[in-house]
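# Fold the following and give me the result.
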Amino acid sequence: MTLRIVKISDGARTVLKLSGRIQARDIEKLREQMDGLIRGTVLDLQEVTLVDVEVVRFLGLCEAAGVELAHCSPYIREWLFREQVAGEES
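All right, here's what the predicted structure looks like:
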């Protein structure tokens, strides 16, 4: 299953409901959907089934910049933590 994005906005907050696989080639599509907005942006990962390392790094950068990662699965959360630690050690 490829990435599916549903964008919901109420003016103050934008939620991108993501489902399926997210691969490195999808990062630009996600950036476009975020419209350069960080504040009030939520990436809902509840229906994400698979990600690759570039996506995990992108999600980590988004979260560090203030994007909320909602319904993040434990395996993605652990991978985010490991990437953060690895980045700090470099």
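# So which bits of the helix or strand hosting Trp79 are buried?
Using DSSP states H and E, Trp79 sits in helix 74-89. Using 16 or more other CB atoms under 10 Å as the burial criterion, the residues of helix 74-89 that qualify are Ile76, Trp79, Leu80, Glu83. Just so you know, the C-beta spots here come from the backbone N, C-alpha and C atoms, and that holds for glycine as well.
# Do you know the pLDDT at the last one?
Yep, that's Glu83 we're talking about. The predicted structure scores Glu83 at 90 on the pLDDT scale.
# do the same with the first one
For Ile76, the pLDDT comes out at 96.
# Chain neighbours aside, what residue packs nearest to it?
Distances taken as CB to CB, 6 or more residues apart in numbering put Val51 closest to Ile76, at 6.1 Å, once the chain neighbours are dropped.
# residues near the one you found, how many?
By the measure other CB atoms under 10 Å, the count of residues near Val51 is 23.
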